[in-house]
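Peer 1: Next input, structure requested:
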Amino acid sequence: MDTIARWLSHILVPEIASVAQREIDSDAFENQGEVPQTIRIEDNGASTTIVSFSSGGFIHSGLPTYAFGKLLAGMKEPCNIIFIRDLHRVAYHLLPNGEPGGLEFYEREIKEALRKLGSTTTHMIGESSGAAAAVYFGTLCGAKRVLAMTMPFPMEPWSTPRALFRHLFNLRELFRDRRSYWDSLMISAFSFLARRTLLNHIGEDGIFNPIETYRNASIRPGLTLIYGERCDGDATNARLLEGMEDVELIPLPTGRHTLWIPLARLGSIGTLIEEKLLGTKTEKGVEVPTSKVEQGND
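Peer 2: Just a heads-up that it's a prediction; the model follows:
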């Protein structure tokens with residue numbers, strides 16, 4: 001699957017794939033390759049801890065990475081950082097060895113890491129399936145705030161045959177922005193495959209629904225969700241959170257699912273982390289340059 005993902009990403013969305021590959025080649029992400037490490041903890045003696053979840057990694061060369069490493073290392077306010085990556089790219093549902101029980105395993109590991117760090121405040125961040133994990137584990141592990149960029153869970157708007165055909169025949173987006181079209185189609189195709197993997201390993205009832213978990217919790221973190229307003233799957237999931245207290249929805253004028261690279265190149269993610277998670281006022285301010293997002297990969 002990695003080989004297919006890498007080949008398709010370089011053919012269909014070369015701008016995204018090339019930027020991501022340069023990040024990997026420049027050692028922006030550590031501990032790549034065959035090392036089966038899933039959790040890395042940076043204890044900086046701070047009172048605040050940020051937990052960062054990797055995404056499925058399908059677009060950026062098929063590699064699961066420690067997400068937002070450079071940005072988090074450059075924060076003005078010192079923070080402890082827990083990096084978590086999903087080696088099997090199925091939203092943390094499987095153990096590192098590929099067996100069922102991943103959700104329970106990562107919940108225990110996160111709670112134990114937070115206990116050892118002794119932080120008074122915890123925030124979580126993620127993109128795509130990493131965003132779903134941030135919402136899910138943020139709710140269960142007592143996070144104060146969550147910053148989520150696009151969320152393909154619940155899976156139905158992305159992973160069913162009907163959803164796959166809907167993305168395939170989204171001709172309006174194809175003629176409007178081919179990169180958005182191919183980006184969303186690839187995500188839908190790999191979501192379809194990921195769902196099949198999950199069904200084979202844990203069954204339908206074992207697949208989490210982070211939005212349902214969040215909505216049903218008596219105590220929940222504040223949530224900022226960024227998504228493409230023309231990205232049908234993400235917009236459908238975002239609507240499930242409309243009107244909820246402590247939820248901020250930020251729709252961007254794009255049909256893309258993969259937003260972290262254009263936002264990072266526009267210098268927006270670091271600002272969002274500092275203001276939305278840490279509450280630090282920056283000179284730049286938290287306004288996302290929405291009019292430029294479509295050109296973010298040019």
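Peer 1: Could you tell me the end-to-end distance of stretch 235-255?
Peer 2: End-to-end distance for stretch 235-255: 10 Å, by C-alpha to C-alpha, to the nearest Å.
Peer 1: To clarify, my last question referred to stretch 257-271.
Peer 2: Terminal-residue distance, stretch 257-271 (C-alpha to C-alpha): 20 Å.
Peer 1: Over to stretch 75-94?
Peer 2: 31 Å.
Peer 1: Find me the pLDDT at residue 67, would you?
Peer 2: At residue 67, the predicted lDDT confidence score is 57.
Peer 1: likewise residue 168?
Peer 2: Looking at residue 168, the pLDDT reads 88.
Peer 1: do the same with residue 240
Peer 2: Residue 240 is given a pLDDT of 95.
Peer 1: what sits against it?
Peer 2: 154, 211, 215 (C-beta atoms under 8 Å, 6 or more residues apart in numbering). For every residue, glycine as well, the C-beta is placed using N, CA and C.
Peer 1: For it, grab phi and psi.
Peer 2: With angles defined as degrees, to the nearest 10, residue 240 sits at phi -70, psi -10.
Peer 1: Burial check on residue 199, number of neighbours?
Peer 2: 13 (other C-beta atoms under 10 Å).
Peer 1: Show me what stretch 243-255 is in contact with.
Peer 2: 170, 173, 176-177, 180-181, 183-184, 215, 220-231, 235, 238, 241-242, 259, 276, 288, 290-291, 293-294.
Peer 1: May I ask you to confirm that residue 124 belongs to a strand?
Peer 2: Yes - under DSSP: H, G, I helix; E, B strand; the rest coil, residue 124 sits within a strand.
Peer 1: Is it bridged to anything, and to what?
Peer 2: residue 51, residue 146 (DSSP bridges).
Peer 1: Hmm, it is touching residue 136, no?
Peer 2: No - with contact defined as C-beta atoms under 8 Å, residue 124 does not reach residue 136; the gap is 9.4 Å.
Peer 1: if you count what's nearby, which of those two comes out ahead?
Peer 2: More neighbours surround residue 124 than the other of residue 124 and residue 136, with 31 against 27 (other C-beta under 10 Å).
Peer 1: Among the contacts of residue 240, name the ones in helices.
Peer 2: Using DSSP state H, the subset of the contacts of residue 240 located in helices is 211, 215.
Peer 1: Highest neighbour count among the contacts of residue 240?
Peer 2: residue 211 (22 neighbours).
Peer 1: That residue - nearest residue in space that isn't next to it in sequence?
Peer 2: residue 240 (5.0 Å; C-beta to C-beta, 6 or more residues apart in numbering).
Peer 1: just to revisit the earlier point, got CSV for the contacts of residue 240, with pLDDT and distance to residue 116 too?
Peer 2: Formatted as CSV, those follow (pLDDT from 0 to 100; distance: C-beta to C-beta, whole Å):
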residue, pLDDT, distance to residue 116
154, 90, 33
211, 96, 30
215, 94, 31
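Peer 1: out of the contacts of residue 240, who's nearest residue 130?
Peer 2: Of all these, residue 130 sits closest to residue 211, with 15.1 Å by C-beta to C-beta.
Peer 1: pretty sure the closest one contacts residue 236?
Peer 2: No - when contacts are counted by C-beta under 8 Å, residue 211 is not listed as touching residue 236 (10.7 Å).
Peer 1: who's in contact with residue 199?
Peer 2: Residues in contact with residue 199 (C-beta under 8 Å, 6+ apart) are residue 207.
Peer 1: which SSE is it in?
Peer 2: helix 178-201 (DSSP states H and E).
Peer 1: pLDDT of that helix, averaged?
Peer 2: Here the average pLDDT along helix 178-201 is 87.
Peer 1: Can you list the buried residues in that helix?
Peer 2: 179-195, 197-198, 201 (16 or more other C-beta atoms under 10 Å).
Peer 1: any idea of the pLDDT on residue 209?
Peer 2: Confidence score, pLDDT, at residue 209: 95.
Peer 1: and it, how many neighbours?
Peer 2: 17.
Peer 1: how about the strands of the chain, start to end?
Peer 2: Secondary structure of the chain by DSSP state E: the strands cover 39-42, 48-53, 80-84, 121-127, 145-149, 222-228, 247-252.
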